[in-house]
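Colleague: here's my sequence, what's the structure:
(one chain, ligands or ions: 1)
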Amino acid sequence: MLEINGKTRICGIFGYPVEHSFSPAMHNAAFKDMGLNYAYVPFAVRPEDLAGAVSSIRHLNLAGVNVTVPHKQAVAGLVDLLSPAARLAGAVNTIVDSGGVLTGHNTDGMGFVRSLEEEAGTEIASGPALIIGAGGAARAVAVALALNGAPALFITNRTREKAADLCELINNNTGCRASVLGWPKPGQQGGEGWVEALGAAAFMVQTTSMGMHPNTVEFPPVPFNLLNKGQVAVDLIYNPGRTAFMKLCEAAGCRVFNGIGMLLHQGVMAFELWTGRTPPVDVMREALRRCLEGRMQNAEIFLPKIDTY
Ligand code: ATR
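Modeller: Modelled structure (predicted):
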């Protein structure tokens, strides 16, 4: 247990539900390792109580909080200032309290960028990115990529209008060029633009919930036969630790990564914002690994024959 005393600074997470969050374990392990007098606690905040909870950050002099499902969008309208990424994404996952002024940040997208650079060694500016999905996670990732030098984005989504909206957001607000890629149909050999997109893409990121526990047999119908050997493919899902998408990409010769890196680095960046200090990343990673150990569903996943995709 951390030692709490009269000088302890409090951070936490607002979510509903919140009991499954890994963030308390991750942050408290880092505070303890560094001997920082901080503690991180979960707050189950109902949607109707969100505005009051945000005000309480000031009233209780909290150092800051993370914000998770279902509050990330709503909270963007309740803080005093927004970082450029949070404003563009329309979502906040980290609030910092500086003398009663609340600033909303979005470290989700930057967490992805950092994990890609550190784990895959991929430079964001090195080429276009291919994004599968256009929901909240895709939005945070697309905005972070566009603000950090990605030259172009190809975005594909089952609901085409959402991909088009996200492209418009990027094109109207950043120097990055975003274009919609058609959602492929199973068995389709490439379809509209896929040959060119996969040929140009420096990496591919899967942001949909397809393949997430318990729907582990699902995967987006990417033309896996067109993937390049050595191409980097990231799935933002971390449960299971290896998704059907990752296995199919791996079978096609890609270098694959799961969503643990993004989860870790969004936390690392929130920690930096609250404390002004660099946390021990390995300690946070180990805390996350221990949390996931008991929770991961790593049962063998049935895979379709790859040559039909
Ligand atoms: P998150 O915040 O995790 O991104 P979200 O905003 O609800 O969640 O977005 C979910 C994403 O997964 C969307 O891109 C969604 O596609 P649609 O916009 O067409 O709904 C995608 N998704 C979820 N289930 C899917 C499925 N069975 N097939 C295709 N796409 C799916």
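
Colleague: residue numbers of the stretch 201-309 of the chain in contact with the ligand?
Modeller: T207, T208, S209, M210 (CB under 6 Å from any ligand atom). In short, each C-beta sits where N, CA and C put it, glycine included.

Colleague: got JSON lines for these, with secondary structure and pLDDT too?
Modeller: Putting these into JSON lines (DSSP: H, G, I helix; E, B strand; the rest coil; pLDDT from 0 to 100) gives the following:
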{"residue": "T207", "secondary structure": "coil", "pLDDT": "98"}
{"residue": "T208", "secondary structure": "coil", "pLDDT": "98"}
{"residue": "S209", "secondary structure": "coil", "pLDDT": "97"}
{"residue": "M210", "secondary structure": "coil", "pLDDT": "97"}
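
Colleague: quick one: low-confidence parts of the stretch 1-150 of the chain?
Modeller: Counting by pLDDT under 70, the low-confidence segments of the stretch 1-150 of the chain come to 1.

Colleague: what are the ranges of the strands in it?
Modeller: 9-15, 38-44, 64-67, 81-82, 94-98, 101-105, 129-132 (DSSP state E, counting those that start in this stretch).

Colleague: relative to the whole chain's centre, how far out is the third one?
Modeller: It refers to strand 64-67. What separates the centre of strand 64-67 from the centre of its chain is 15 Å, taken as CA atoms, centre = their mean, to the nearest Å.

Colleague: picking up where we left off before, of the residues of the stretch 201-309 of the chain next to the ligand, buried ones?
Modeller: T207, T208, M210 (16 or more other CB atoms under 10 Å).

Colleague: nearest to the ligand among the residues you listed?
Modeller: T208 (3.3 Å; CB to the nearest ligand atom).

Colleague: now the closest one: closest residue in space that isn't a chain neighbour?
Modeller: G133 (3.9 Å; CB to CB, 6 or more residues apart in numbering).

Colleague: residues contacting that neighbour?
Modeller: T156, N157, Q206, T207, T208, P220 (CB atoms under 8 Å, 6 or more residues apart in numbering).

Colleague: go again with 6 Å.
Modeller: Going by CB atoms under 6 Å, 6 or more residues apart in numbering, G133 touches N157, T207, T208.

Colleague: for it, give its distance to the ligand.
Modeller: 4 Å (CB to the nearest ligand atom, to the nearest Å).

Colleague: ok, back up a step: quick one: which of the residues of the stretch 201-309 of the chain next to the ligand is nearest to T94?
Modeller: T207 (19.3 Å; CB to CB).

Colleague: I am finished for the moment; much appreciated.
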